[in-house]
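*Asks:* give me coordinates for this.
(one chain, ligands or ions: 1)
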Amino acid sequence: MSRYRSTNSSIKSHLSTASLPKEEVNIVLLGKQSVGKSALVVKYLTKRFIREYDPFLEDTYWKPDAVDQQEVLVKVMDTYGKDDKQLPYYLKWADAVLITYSITQLDSFEMALAYLDAINTYSKGLTVSTNELVIMLLGNKLDLERTRVVSKSEGESVALKFSCAFCETTAADDYEYVQQLFHRTVREVRKERERAMASSSIDEEPPTAAININTNVNVPSSSSSASSNSSIPFTNFNETDKHSSSNIPLPPPMPATLAHRVAKPVKTESQTSVTSSTSSLPLSSSMKSGSLSTIASTSTLASVASAPPPASATTKRTPSKTSVFSKIFKN
Ligand SMILES: Nc1nc2c(ncn2[C@@H]2O[C@H](COP(=O)(O)OP(=O)(O)OP(=O)(O)O)[C@@H](O)[C@H]2O)c(=O)[nH]1
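*Replies:* Below you'll find the model as predicted:
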């Protein structure tokens, strides 16, 4: 696995940076300990299932992949499953969050609900305009059907309630299951980027009526500002926003390879997912009504969720066609 570790310079001996795909998708796996986050990551990276992992392992790995004939650098953050204080950092880093539970472990499902609730609560307090974040509720260990305690319909209905995607999978069977999971996630991220680009280009359209009105008046041209495009794709973040976000708890230093995110071209979605059981949607306003606060309140996650949002993050929120909730503070 180490050859894929972003922090391991050995990757340079396998792949030159120049040969890496320009499109990047950052995926973080959250969930209770032992639900199989590391197993899923290892399976995706190496096609192998390994029974024992260092439970304190938390790292980011990357793998060039091709999804729908489009090359993409998939970066996967495997989290430790206990450090809830890092949640804001994970959300800031990720394009997609896989909230993982084991279908054989009820408390892991409850923990997943607490994560959903925490993300919901935290994001409600944010006022910065940001990217969409794809959220997926993921039931793992599908191979252990005989000892299942969380039904598929329970997972589906929670995902529906929170308007997020839902999927069941296993790290212990065919590689294709796990591959489909990650590929589906990449597709969802691409869809979100397309939506964000479409909505930001609508926002930036110059007001043609105003130009007509002023044709008889000798005024300085304002066309440069009216037609200027954001140099940062998929976000309306401006300098003020960036400074505002400094109140967010500082993340740990990123490995150099992750510190800079490149422009991310988007390709049209053309295939459907096999493992999906509900339509894949980012978290939306309907998630706001998720009534799982009782579970969250018993969790340490609740303290993260109830932490006040960045005080100076006052930039006006741009309404999204798909979601208000999922405007997580990502630049
Ligand atoms: N049968 C089965 N076992 C699995 C599956 N995924 C993981 N496991 C096993 O579950 C145990 C925990 O897996 P990990 O991948 O370490 O779980 P984790 O969520 O990364 O745990 P932490 O790193 O402690 O947060 C290991 O013994 C794995 O072999 C699966 O899909 N099916």
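*Asks:* give the burial count for residue 100, as a bare number.
*Replies:* Residues lying near residue 100 (other Cβ atoms under 10 Å) number 27. (C-beta placed from N, C-alpha, C; glycine too.)
*Asks:* list the contacts for it?
*Replies:* Listed by Cβ atoms under 8 Å, 6 or more residues apart in numbering, the contact set of residue 100 reads 29, 30, 31, 35, 36, 37, 40, 108, 112, 138, 139, 140.
*Asks:* give me that answer again for 7 Å
*Replies:* Listed by Cβ atoms under 7 Å, 6 or more residues apart in numbering, the contact set of residue 100 reads 29, 30, 31, 35, 36, 37, 112, 138, 140.
*Asks:* check the residues you listed against the ligand, which are close?
*Replies:* Residues of the contacts of residue 100 in contact with the ligand (Cβ under 6 Å from any ligand atom): 31, 35, 36, 37, 140.
*Asks:* any stretches of the stretch 1-150 of the chain with poor pLDDT?
*Replies:* By pLDDT under 70, the low-scoring segments of the stretch 1-150 of the chain are 1-18, 49-58, 81-84, 125-131.
*Asks:* do that again at 80, thanks
*Replies:* 1-19, 47-59, 80-86, 122-132 (pLDDT under 80).
*Asks:* residue ranges for the strands of it, please.
*Replies:* Secondary structure of the stretch 1-150 of the chain (DSSP state E, counting those that start in this stretch): strands at 24-31, 59-67, 70-78, 96-102, 134-140.
*Asks:* most neighbours per residue, which of the ones you listed?
*Replies:* strand 134-140 (a mean of 29; mean count of other Cβ atoms under 10 Å).
*Asks:* pairing partners for it, with directions?
*Replies:* Taking DSSP bridges as the criterion, strand 134-140 forms sheet pairs with strand 96-102 (parallel), strand 165-168 (parallel).
*Asks:* quick check, the longest helix seen in the chain touching the ligand?
*Replies:* Once the chain is assigned using DSSP state H, the helix that runs over the most residues is helix 175-203. No - Helix 175-203 stays clear of the ligand (Cβ under 6 Å from any ligand atom), getting no nearer than 8.8 Å.
*Asks:* okay, now the unreliable bits of the stretch 151-300 of the chain?
*Replies:* In the predicted model, the stretch 151-300 of the chain carries pLDDT under 80 at residues 199-300.
*Asks:* now the helices for the stretch 101-250 of the chain?
*Replies:* Per DSSP state H, counting those that start in this stretch, the stretch 101-250 of the chain carries helices over the ranges 106-124, 152-161, 175-203, 208-213, 223-227, 239-244.
*Asks:* identify each buried residue in the longest one, please.
*Replies:* Of all the residues in helix 175-203, those buried under the rule 16 or more other Cβ atoms under 10 Å are 177-193, 195-196, 199-200.
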